[in-house]
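Participant: pasting the sequence and the predicted model now:
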Amino acid sequence: MRPLFLALSEAVVRVAGHRFTVAGAFALVMLWCAAGAMFGLPTEWFLLSNMIGTSAALFVLLIMQHSQNRDMAALQVKVDELIRSSEAGNHMIGIERLEAEELSRFARERQAGV
């Protein structure tokens, strides 16, 4: 199930991030509204389109956020490996897991030169 979800999320992110997606979505909405106005369809027609559009936007947002979190985790692993292989020392590895107060204290100490 997990590989299927990862493949689906990658496909959605690839399609949603394409430059023609916004133009295609705009054209589709314009056609939908024109068809509703031309055929004199009831207000429910537009309410349905609003509900579908909102649901689709939420779905794409959640999928893209999942993809971004996964990309950030991969980037963090790469940064940790660069720190390990450099002369900088290993005290910065895992700093992203600190609480906000600890991170602020650590940043103040680093700026003060301690």
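Facilitator: That came through fine.
Participant: how much space between Ala74 and Val15?
Facilitator: Between Ala74 and Val15 the distance, using C-beta to C-beta, to the nearest Å, works out to 21 Å. Heads up, the C-betas are built off the backbone N, CA and C, glycines and all.
Participant: how near is the residue nearest to Ser67 when sequence neighbours are not counted to Asn69?
Facilitator: With C-beta to C-beta, 6 or more residues apart in numbering as the measure, Val13 is the residue that lies nearest to Ser67, at 4.6 Å, once sequence neighbours are left out. Distance check for Val13 against Asn69: by C-beta to C-beta, it reads 12 Å.
Participant: so where is this protein shaky, pLDDT-wise?
Facilitator: In the prediction, the chain carries residues with pLDDT under 70 at positions 89, 113-114.
Participant: for it, what's the longest helix?
Facilitator: Using DSSP state H, we find that the single longest helix of the chain is helix 43-85.
Participant: middle-most residue in this protein, spatially?
Facilitator: The structure's the chain has its C-alpha centroid closest to Gln65; by C-alpha atoms, centre = their mean the separation is 2.7 Å.
Participant: so how far is Leu82 from that one?
Facilitator: As for Gln65, its distance to Leu82 is 26 Å (criterion: C-beta to C-beta).
Participant: Val13 and Asn69: which has the busier surroundings?
Facilitator: Each of Val13 and Asn69 has its neighbours counted (other C-beta atoms under 10 Å); Val13 has more, 17 against 10.
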